[in-house]
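In: predicted model, plus sequence, below.
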Amino acid sequence: AEHITLGVDKSDQNLRVMRQIMLRELGLLESTLRIVNKLKPITEMYDLAQNSKNKKKALSEAQQHVVKFGGHLLSSVLDVVYYCILDNSVNQMYVADYLPDLLAHLSSQPLAGKCVTAMLSTNMELQETKITRREISIFIDKLRSSKMNSMYLSLLQSCCSCEGNGVDGNQCKVAEMLFEDTNDVVISMIVDFNKVTPYDWGSSIYIPDGVVVGSPVEGQTLIDKGLPDLSLAWTTNAIELSPLGLFGKLSVRIAELYKVESKTNVVSLGDMNPDKAASIKKAKAKAEESQNQKRSIADYFIHEMFLGAEMCMDRNYVAMHKLDPLFSFESLVSVMAMDVSPKVKAGACRLLFCLHVDRDPQVGTKIPCLTRTWSEIMKNEVPPLPYVEPARQNVYALIQHLCSEHIRAMAGKRWEEYSKYILEMHKGLITFNFYGTVERLKDVIIPTIEAIDRRKVDYGKSKKSGGGGKSAVMTSSDDLLASMSGDAEEGGLEDE
């Protein structure tokens, strides 16, 4: 301990890498991985208890002590493995040979999932050489038996991309294997245009006043009729997690599941009759358990949308064709327009971009354009701005309108996770030349500058989101840029 200077060694990357290499060369990393292999029966006993109807009586007292001790040992060993592979591609490739052993502990050890994610998210070589149909099949089988645990969707998501780039082979494998049987794994969105809610789009420089012949608006039905009724439905062998078991109906409306909840007053039980207080406490505990299950389903669907986006990233048309029937353009735009939690809006925005916007015939343009043809200069006194052909100029008018409204609202306020994906959508549409007039560019530049000015933002009060969770709040433009470059943790930045 006398040779370690706290706060200095952590910042010395070369020293950390040397220690990681030393642990591998001395055989300590191999020893820890062998222990992980030998402790697989501990996780099997844990799974047996968790899947039993009576969890307390599933294992004997001696077995419970063994599982508890084995869990502590596993946690310590996996901690060593994690810090040996962190930002070290050589050690990651070494540990990848033991990947099935790590996957065996996913249900009982969150650190096992953390190790797998650390390897997959930063090592393209590992993704392309070590992740096969066997590993993806393990993920999907565990997802199917986990009663809709969103952690496995996150692991599948990490298989689909690496450092912001899609891994084409893995994207296709996940898309093909995940949709072989959607029971227990996929939540479907039901779009009902027979029940619509009128929506005032207001005056907009993007949405034309009427139908423009030869230049249609994608999602014109949303302007003409309003927002459709959106519901979620899924099938599962676990009755308690079915829509009927949780909500007492075959499907649940998105507006109900993700509504922005107001704070409720806490009732004091101190002055009540003990029997009455115990009865209220018991009912409250039962209601809280049911509420947690509903939140779990809500969180699962959000992760499903983010997984879909990763599967489609960089125009993977195999995945796109699988997801097109599940998530229509109108349904995702409707989610963005609804008064629901920012987290589900963020998932819808991300999926909308990867599935419906970033695809043929969009072509990106490098800005600024430093070279021009002589014929173009001779034809126009003022060089024209790059703009898509007239037939496509209004196609994403609804998205542009929603982006414009949200970015204007960001000025002087705390930013949410949704803001990150709105700005990514905005950037994509600019790159694809959908802002080819001076009026539209002014609507891009001025609100963006005002949103970046954070001088009048009050960071003193914490902000809560709907759906029972904490809102992911971006406290500055630096935080948002960090999250967009992958430095921020998944799900946004929490309040300080």
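Out: The structure has been received and is ready for your questions.

In: where along the stretch 51-200 of the chain do the strands fall?
Out: In order along the chain, the stretch 51-200 of the chain carries the following strands (DSSP state E, counting those that start in this stretch): 161-162, 165-166, 188-197.

In: who does the second one pair up with?
Out: Pointing back at strand 165-166 there. strand 161-162 (antiparallel) (DSSP bridges).

In: for the partner strand, the averaged confidence score.
Out: Along strand 161-162, the predicted confidence averages to a pLDDT of 92.

In: how about stretch 364-374?
Out: Mean predicted confidence for stretch 364-374 is 78.

In: elements contacting whichever helix or strand Leu423 is part of?
Out: Following DSSP states H and E, the helix or strand that holds Leu423 is helix 417-431. Using 3 or more Cβ pairs under 8 Å, 6 or more residues apart in numbering; DSSP states H and E as the contact criterion, the elements in contact with helix 417-431 are helix 342-352, helix 397-409, strand 473-474, helix 477-484. Heads up, the C-betas are built off the backbone N, CA and C, glycines and all.

In: I'd like to know which elements the longest one is packed against.
Out: Applying 3+ Cβ pairs under 8 Å, 6+ apart, one finds that helix 397-409 contacts helix 329-337, helix 417-431, helix 438-452.

In: for the residue of the chain most remote from its centre, give its distance to Leu385.
Out: The outermost residue of the chain, judged against the average C-alpha position, is Met378 (48.9 Å), by Cα atoms, centre = their mean. From Met378 over to Leu385 the distance is 18 Å, taken as Cβ to Cβ, to the nearest Å.

In: which parts of the stretch 251-400 of the chain are strands?
Out: According to DSSP E, counting those that start in this stretch, the stretch 251-400 of the chain carries its strands in the segments 252-253.

In: shaky segments in it?
Out: Screening the stretch 251-400 of the chain residue by residue with the criterion pLDDT under 70, one finds the ranges 261-272, 277, 367.

In: center of the chain - which residue?
Out: Note on the chain: the residue nearest the mean C-alpha position is Phe306, at 4.0 Å, using Cα atoms, centre = their mean.

In: quick check, that residue in contact with Ala348.
Out: No - with contact defined as Cβ atoms under 8 Å, Phe306 and Ala348 do not form a contacting pair (10.1 Å).

In: let me see the contact set for the closest residue to Lys130 other than its chain neighbours.
Out: In space, Lys130 comes closest to Ala96 once its chain neighbours are excluded; the distance is 4.2 Å by Cβ to Cβ, 6 or more residues apart in numbering. The contact partners of Ala96, taken as Cβ atoms under 8 Å, 6 or more residues apart in numbering, are 119, 126, 130.

In: pick the one among the residues you listed closest to His406.
Out: Minimum distance to His406 across the contacts of Ala96 is 35.3 Å, recorded for Met119 (Cβ to Cβ).

In: could you measure from the closest one over to Asp12?
Out: When distances are taken as Cβ to Cβ, Met119 and Asp12 turn out to be 23 Å apart.

In: the more surrounded of those two?
Out: Between Met119 and Asp12, counted using other Cβ atoms under 10 Å, the more crowded position is Met119 (27 against 12).

In: next one, pLDDT for the closest residue to the more buried one other than its chain neighbours please.
Out: The spatial neighbour of Met119 that comes closest, neighbours along the chain excluded (Cβ to Cβ, 6+ apart), is Gln92 at 4.6 Å. Confidence at Gln92, expressed as pLDDT, is 95.

In: repeat for Gln13
Out: As summarised for this prediction, Gln13 has a pLDDT of 83.

In: can we start the residue count at 2 from this point?
Out: Okay, using 2 as the starting number, the last item reads as Gln14.

In: burial measure for it, as a count.
Out: Gln14 has 9 neighbours, counted by other Cβ under 10 Å.

In: what's it sitting at in phi/psi?
Out: As for Gln14, its main-chain torsions (degrees, to the nearest 10) stand at phi -60, psi -40.

In: run a quick neighbour tally on the nearest residue to it once chain neighbours are set aside.
Out: When the adjacent residues along the chain are set aside, Gln14 lies closest to Asp88, with 7.9 Å between them (Cβ to Cβ, 6+ apart). The tally of other residues near Asp88 (other Cβ under 10 Å) stands at 14.

In: Ser122 versus Asp88, what's the distance?
Out: Counting by Cβ to Cβ - Asp88 and Ser122 are separated by 11 Å.

In: what of Leu399?
Out: When Cβ to Cβ is the yardstick, Leu399 and Ser122 sit 33 Å from each other.

In: quick one: which of the two has more around it?
Out: More crowded of Leu399 and Ser122, by other Cβ under 10 Å: Leu399, with 25 against 17.

In: ok, that one - contacts?
Out: Shown in contact with Leu399 (Cβ under 8 Å, 6+ apart): 202, 207-208, 218-220, 223-224, 334.

In: go through those residues and name the one nearest Thr449.
Out: Distances from Thr449 to the contacts of Leu399, taken as Cβ to Cβ, are shortest for Tyr207 (15.9 Å).

In: distance of the closest one relative to Lys443?
Out: The span separating Tyr207 from Lys443 equals 13 Å under the rule Cβ to Cβ.

In: so what's the residue count around Tyr460?
Out: Counted with other Cβ under 10 Å, the burial measure for Tyr460 works out to 13 neighbours.

In: quick check, it in contact with Trp416.
Out: No - Tyr460 is beyond contact range of Trp416, at 11.1 Å (criterion: Cβ under 8 Å).

In: so Leu233 is in which element?
Out: Short version: Leu233 belongs to strand 228-234, going by DSSP H and E.

In: could I get the average pLDDT for the helix or strand following that strand?
Out: Past strand 228-234, further along toward the C-terminus, the next helix or strand under DSSP H and E is helix 244-248. For helix 244-248, mean pLDDT rounds to 91.

In: please list the outside residues in contact with helix 244-248.
Out: For helix 244-248, contacts defined as Cβ under 8 Å, 6+ apart pick out 233-235, 239-241, 250-253, 291, 294-295, 298.

In: buried residues in it, which are they?
Out: 244, 247-248 (16 or more other Cβ atoms under 10 Å).
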